[in-house]
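Colleague: Have a look; sequence and predicted model below, questions after that.
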Amino acid sequence: MDRPANNIVGIDLGTTFSALAVLNAIGRPQIVPNADGERLTPSVIYFDKDSPGLIRVGTEALNCRYIDPERCVRWVKRHMGDPSFCKRIDGQEWTSVGLSALILKKIKKDAEAQIGPIGQAVISVPAHFDETRRRATMEAGKAAGLDVIGIVNEPVAAALFYATTCPVTGKVMVYDLGGGTFDVTIMEVKARDMEIICSNGDQHLGGLDFDLQILRLMEQAYRQATGSELICSDEDRARCEDEAEDIKKTLSKRPSVKKILYGHAGSVRFEITRSEFEQAIAKFLARTEMLIEAALEEAGLKPSDIGQVLLVGGSSRIPAVSCSIERLFGFPPICAVNVDECVALGAAIHAGLTMLRLRPAEVPAPIAGGLKDLSYTDVCNHSYGTLCAPIDKNTGKRTVVNQIIIRKNTPLPCQQTQTFYTLYEGQSQIEVTITQGEDIDPRYVNKIATYRFELPPGRPAGMPVKVTYSYDLNQRMHCRFEDVQSGKVLEVDLPVDRLDTSQSQDDPARMVQSADIQ
């Protein structure tokens, strides 16, 4: 592998697998295998009981689940940004940020052993991730010792790689079905120029849900045959979960699978057909179709307007997925790249483009040349607003509502300004809340930051306060609240430097940097 003077990488931090790609000396992305020679690293963590302080990440950690499942953690991405999620091991509390940082540190360590120090990194996230989850992802990267220069939506990253490897043109839909999340993104592609139109998705829809449906059928079969439960311990569950995943993958190649189920009441012969599996996951595929239809409606398009559908994510290999897409669009999807690796490879391209925009002097000329003429325009994947209290026309009373300032699917970069007014005489402060969501009702939007804005005292009601939101290409938003009369300003950058880790006394960055990871 050719080594550029300054390693620029893209990372796919996945629910089930993670991968790292680097831009080589001529600006082409290449996957960097881990220390075991694997191109994908299982996103699994095991806290070694026999060697205190040793943390295993990857295939070895996955295998350790059979020995001590209580000390093993999987599927962290589904909990990203959740303040209530915490794994307590050996007296330390690990949040989703800290656990994700362990995975990132492992793949960073393995990559640096082969290509040398990593300079800048872009980490991919599902397009539908909200601001809290995006902040958590960036925080995990920083805790792992990475210089995170930005994040990229997974379908955008995949499309960047598709556009550089195969002919893609016109209105294109990216169908990204991974281990734990689903995204659908619609874009306009003209040669090496891409314009994102809109995205939709579900953070709890993926291959893991399909595995659990197979596991449910396994349990039912064993119970009917023996009157006993197949799963009686965490060790049993770990073994059966892997069996279910293996069955799912085999059913993508064969019409049926036969297995022997081993439980405490003896062994039972189990057979499942592809038809039975497809029936079990029909509700999830119906959900993907609903999200596709919602994305088309947002874009103001019909299925006939879409010229190509690009597959991304390991779960997109399931034959029923292609059948679903062909039924909706009248043609089969395209799978011209490795669906497991294209996000990491595209994230590396995105990292190079970001460096060219932010720090062009640090990008070697051959890499810059390899990226020339490649461009994209992204959009806001959520609406951003603030809370205000206008007078309700029906009741004549003030009612707190969510006022949207930047609307979903606005092309980036963008800036929007609205003017609000103080409510009463002598008002000396405003509680400003930055929101994310599409609803006017404050109960149904995320309140991602709240600050107190001090105002001059002794003034009449109705004094103007100008609110300006700016969203840049790196998925960062700047909020400016200006009291027009006094000129006083409150400025807020999102994502903030650190997440609220009040649920734990432990600092994720310190814990991760001191951890012995293998």
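Modeller: Thanks, I have it. Owing to the predicted nature of the structure, the values given are computational and were not obtained by experimental measurement.
Colleague: State the helix or strand in which A351 lies.
Modeller: Using DSSP states H and E, A351 maps to helix 342-358.
Colleague: Could you pull out the buried residues of the helix or strand following that helix?
Modeller: Next in sequence after helix 342-358, counting helices and strands by DSSP H and E, comes helix 365-370. Neighbour counts over helix 365-370 (16 or more other Cβ atoms under 10 Å) mark I367, G370 as buried. C-beta: built from backbone N, CA, C; applies to glycine.
Colleague: Which residues outside the helix or strand following helix 365-370 are in contact with it?
Modeller: Along the chain past helix 365-370, the next helix or strand (assigned with DSSP H and E) turns out to be strand 375-377. The contact list for strand 375-377 (Cβ atoms under 8 Å, 6 or more residues apart in numbering) reads V156, A159, L160, R192, D193, M194, E195, I196, L353, P411, L412.
Colleague: Now for the fifth one: which residues touch it?
Modeller: This points to D193. D373, L374, S375, Y376.
Colleague: Straight-line length of stretch 465-485, end to end?
Modeller: End-to-end distance of stretch 465-485 (Cα to Cα, to the nearest Å): 8 Å.
Colleague: how far away is L102 from K87?
Modeller: Separation of L102 from K87 (Cβ to Cβ, to the nearest Å): 11 Å.
Colleague: can you give me the helices for the chain?
Modeller: Under the criterion DSSP state H, the chain contains helices at 59-63, 96-115, 131-143, 154-165, 207-226, 234-251, 274-280, 282-299, 319-329, 342-358, 365-370, 508-514.
Colleague: Make TSV out of those helices and add mean pLDDT and distance to P390.
Modeller: Formatted as TSV, these follow (pLDDT from 0 to 100; distance: least, Cβ to Cβ, whole Å):
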stretch	mean pLDDT	distance to P390
helix 59-63	91	53
helix 96-115	95	37
helix 131-143	90	25
helix 154-165	88	36
helix 207-226	96	42
helix 234-251	93	51
helix 274-280	97	49
helix 282-299	96	27
helix 319-329	96	41
helix 342-358	93	39
helix 365-370	88	50
helix 508-514	78	41
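Colleague: farthest residue from the center of this protein?
Modeller: For the chain, the residue at maximal distance from the C-alpha centroid (Cα atoms, centre = their mean) is G458, at 47.5 Å.
Colleague: Name the nearest residue to that one, ignoring sequence neighbours.
Modeller: G426 (6.1 Å; Cβ to Cβ, 6 or more residues apart in numbering).
Colleague: Just confirm the one you found contacts L455, I think it does.
Modeller: No - G426 lies out of contact with L455 (Cβ atoms under 8 Å); the separation is 9.7 Å.
Colleague: which stretches of this protein aren't confidently modelled?
Modeller: 1-6, 495-506 (pLDDT under 70).
Colleague: quick one: A25 and I367 touch, right?
Modeller: Yes - if you go by Cβ under 8 Å, A25 and I367 touch, sitting 7.1 Å apart.
Colleague: Include distance to D82 when you put the helices of the chain into JSON lines, please.
Modeller: Compiled in JSON lines, these are given as follows (distance: least, Cβ to Cβ, whole Å):
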{"stretch": "helix 59-63", "distance to D82": "21"}
{"stretch": "helix 96-115", "distance to D82": "6"}
{"stretch": "helix 131-143", "distance to D82": "8"}
{"stretch": "helix 154-165", "distance to D82": "19"}
{"stretch": "helix 207-226", "distance to D82": "16"}
{"stretch": "helix 234-251", "distance to D82": "21"}
{"stretch": "helix 274-280", "distance to D82": "28"}
{"stretch": "helix 282-299", "distance to D82": "21"}
{"stretch": "helix 319-329", "distance to D82": "28"}
{"stretch": "helix 342-358", "distance to D82": "22"}
{"stretch": "helix 365-370", "distance to D82": "37"}
{"stretch": "helix 508-514", "distance to D82": "14"}
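Colleague: Of all those helices, which one comes closest to R476?
Modeller: Within those, the stretch nearest R476 is helix 131-143; the backing value is 9.3 Å (Cβ to Cβ).
Colleague: Mind listing what's buried along the closest one?
Modeller: So helix 131-143, judged by 16+ other Cβ under 10 Å, has buried residues 131-143.
Colleague: How far away from the center of its chain is it?
Modeller: From the chain centre to the centre of helix 131-143 is a distance of 10 Å (Cα atoms, centre = their mean, to the nearest Å).
Colleague: and if you look at stretch 333-353?
Modeller: For stretch 333-353, the distance to the chain centre is 15 Å (Cα atoms, centre = their mean).
Colleague: measure that stretch end to end?
Modeller: First-to-last residue span, stretch 333-353, Cα to Cα: 28 Å.
Colleague: and it, which residues are buried?
Modeller: 333-335, 337, 339-353.
Colleague: Pop the domain breakdown of this structure in here.
Modeller: Domains of the chain are assigned by automatic domain parsing as 7-166+338-377, 207-280, 384-494.
Colleague: Packed most tightly, which of these would that be?
Modeller: Sort those by mean neighbour count, taking mean count of other Cβ atoms under 10 Å, and domain 7-166+338-377 sits at the top with a mean of 21.
Colleague: how distant is that domain from the center of its chain?
Modeller: Worked out by Cα atoms, centre = their mean, domain 7-166+338-377 lies 11 Å from the chain centre.
Colleague: Excluding sequence neighbours, find me the nearest residue to I149.
Modeller: That would be Q120: by Cβ to Cβ, 6+ apart, it lies 4.6 Å from I149.
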